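J.: no letters, just coordinates:
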């Protein structure tokens, strides 16, 4: 066969990552389709391709019969024995034939079949290559933006970062290098779909795994990650070697290691805290740098009650409740943050309210003047205004915006 075909096969094998056998099968199918178009007097056509010489042979498939009823499907016993001495009636034989010159339609059919076979083979190749890499960090180059999706070239394959997997802080442009977490590889009617993520907590884990050798070799373990993409992340680490400081190893000399992760995440703040199996200790570490006066567990409601100095209430809660929210995710418990002195006053207020309600029930039959009702309402209002602080719901976004500088183990 033409040496040009050999060269084309070699190029396709390298560029498309498709095996030679798959390409030869694509050619065989294409020739077979073209032969069907050009050989109108044959019902069944087969094509064999020599994988070494790339030469092909065309055969008509016919059934041996004593009496020929259909000239497109049958062959006489005499003719069959001439081809194969052991032929008997009922056998199916491959009869060599020479197709006519392929016309324009047949050639176009062959071209379409080859293109489609190559596309199918390429999709299968991409699926097989990436399916085993789910859960890995991959690096690619941004190719284009389409309908909010970031299309990324990863090892000659197109992957995408859908809007839900994009960090609100980031803005990539074509040509930018991007590192992302490989979430999903799936086959769809339109081909293999490779989904990447820039918001997954596993992205943070993978970045630390690359930057901190102690994590890679198992000396340090990442036991928990709480993240709000583009804003802040808390990472709880634990050392299996008492001679290795988990937090210090992750921060690195002059913060070099954690700074590399922060830069990769486009400036997202990272707090590295020490892990503890005790939720009280872990909560104390997660709320750092706020001073903690008292912590107690409400196991029935799975809540940790935290008391801090009143002047550090906003620091413990964080901007828009973020610090408390992330600490709650990391610990796995609800966190109720209160200013010092608040619990006692709240309890006192509750007792007064109960007493007033009890008295009201006893004198419900008595006539109460409008002035007395207004007086009681005013007293209750004064009582509320004297309360020092209130329990903070960690899911609320209504807290103060002021927050102190992060403490040790925090990178901005």
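T.: Looks like it came in fine. Source: prediction; values computed, not measured.

J.: I'd like the distance between the nearest residue to residue 26 once chain neighbours are set aside and residue 227.
T.: If the residues on either side of it in the chain are set aside, residue 26 comes closest to residue 117, at 3.4 Å by CB to CB, 6 or more residues apart in numbering. For every residue, glycine as well, the C-beta is placed using N, CA and C. Separation of residue 117 from residue 227 (CB to CB, to the nearest Å) stands at 44 Å.

J.: more neighbours, these two?
T.: Ranked by neighbour count (other CB atoms under 10 Å), residue 117 and residue 227 place residue 227 first, with 23 against 19.

J.: secondary structure element holding residue 82?
T.: Element membership of residue 82 [criterion: DSSP states H and E] is helix 77-83.

J.: quick one: contacts for residue 120?
T.: Residue 120 makes contact with no residue, according to CB atoms under 8 Å, 6 or more residues apart in numbering.

J.: wait, is it part of a strand?
T.: No: secondary structure of residue 120 (DSSP: H, G, I helix; E, B strand; the rest coil): helix, not part of a strand.

J.: pLDDT wise, what is it at?
T.: Predicted confidence (pLDDT) for residue 120: 83.

J.: that older thread, go through the strand or helix carrying the residue nearest to residue 26 and flag the buried ones.
T.: Residue 117 belongs to helix 104-131 when elements are defined using DSSP H and E. Going by neighbour count (16 or more other CB atoms under 10 Å), the buried part of helix 104-131 is 106, 109-110, 113-114, 117-118, 121-123, 125-127, 129-130.

J.: number of nearby residues for residue 150?
T.: Counted with other CB under 10 Å, residue 150 comes out at 26.

J.: which residues touch it?
T.: 142, 160-161, 166, 172, 178.

J.: helices of the protein, start to end?
T.: 3-15, 20-38, 77-83, 104-131, 201-211, 213-216, 246-251, 256-264, 279-286, 313-317, 322-331, 342-362, 370-385 (DSSP state H).

J.: reformat the ones you listed as CSV; add distance to residue 182.
T.: Formatted as CSV, these follow (distance: least, CB to CB, whole Å):
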stretch, distance to residue 182
helix 3-15, 23
helix 20-38, 25
helix 77-83, 56
helix 104-131, 7
helix 201-211, 9
helix 213-216, 18
helix 246-251, 24
helix 256-264, 16
helix 279-286, 29
helix 313-317, 36
helix 322-331, 24
helix 342-362, 47
helix 370-385, 54
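
J.: of all those helices, which one is nearest residue 237?
T.: helix 246-251 (4.2 Å; CB to CB).

J.: which residues sit against the closest one?
T.: So helix 246-251 is in contact with 208, 212, 214-215, 219-220, 235, 237-239, 257-258, 272-275, 408-409, 411, going by CB under 8 Å, 6+ apart.

J.: list buried residues within the residues you listed.
T.: Buried by 16+ other CB under 10 Å: 208, 212, 214-215, 219-220, 235, 237, 239, 257-258, 272-275, 409, 411, out of those.

J.: so which of the residues you listed are in strands?
T.: Counting by DSSP state E, the part of those found in strands is 220, 235, 237, 239, 272-274, 411.

J.: state the pair within those residues that is farthest apart.
T.: Maximum distance among these (CB to CB): 19.0 Å, for 239 and 411.

J.: check which helices and strands the strand ranked longest in the chain is in contact with.
T.: Counting by DSSP E, the longest strand found in the chain is strand 177-188. Applying 3 or more CB pairs under 8 Å, 6 or more residues apart in numbering; DSSP states H and E, we find strand 177-188 packed against helix 104-131, strand 137-146, strand 149-154, strand 157-161, strand 191-197, helix 201-211.

J.: nearest to residue 335, out of these?
T.: helix 201-211 (19.1 Å).

J.: now for that closest one, which elements pack on it?
T.: strand 137-146, strand 177-188, helix 213-216, strand 220-228, strand 232-239, helix 256-264.

J.: hmm, residue 206 is touching residue 138, no?
T.: No: when contacts are counted by CB atoms under 8 Å, residue 206 is not listed as touching residue 138 (9.7 Å).

J.: can you pull out the low-pLDDT segments for the protein?
T.: Applying pLDDT under 70 to the chain flags residues 1-5, 40-43, 99-107, 341-412.

J.: center of it - which residue?
T.: residue 183 (3.0 Å; CA atoms, centre = their mean).

J.: quick one, what contacts that one?
T.: 134, 165, 195-197, 200.

J.: of the residues you listed, which is the most crowded?
T.: residue 196 (25 neighbours).

J.: residue contacts, that one?
T.: Here residue 196 is in contact with 138, 140, 152, 154, 159-161, 165, 178, 180-183 (criterion: CB under 8 Å, 6+ apart).

J.: now, which of the residues you listed sits nearest residue 50?
T.: residue 154 (36.7 Å).

J.: from residue 156, how far off is the nearest residue to that closest one once chain neighbours are set aside?
T.: Closest residue in space to residue 154, ignoring its immediate chain neighbours: residue 140 at 3.8 Å, by CB to CB, 6+ apart. Applying CB to CB, the value for residue 140 to residue 156 is 10 Å.

J.: how about stretch 130-143: buried residues?
T.: Applying 16+ other CB under 10 Å to stretch 130-143 flags 130, 137-138, 140, 142-143 as buried.

J.: quick one on the thing from earlier: what would the contacts of residue 196 look like in a markdown table with distance to residue 76?
T.: Shown next, in a markdown table, are these (distance: CB to CB, whole Å):
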| residue | distance to residue 76 |
| --- | --- |
| 138 | 63 |
| 140 | 63 |
| 152 | 63 |
| 154 | 60 |
| 159 | 59 |
| 160 | 60 |
| 161 | 66 |
| 165 | 67 |
| 178 | 68 |
| 180 | 67 |
| 181 | 67 |
| 182 | 62 |
| 183 | 63 |
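
J.: quick check, nearest of these to residue 252?
T.: The closest of the contacts of residue 196, once distances to residue 252 are taken by CB to CB, is residue 181, at 22.2 Å.

J.: who's the closest one bridged to?
T.: Residue 181 has the following beta-bridge partners by DSSP bridges: residue 137, residue 197.

J.: now do the contacts for it.
T.: By CB under 8 Å, 6+ apart, residue 181 lies in contact with 135-138, 196-198, 200, 202-203, 206.

J.: wait, residue 117 touches residue 31, no?
T.: No: with contact defined as CB under 8 Å, residue 117 does not reach residue 31; the gap is 11.7 Å.
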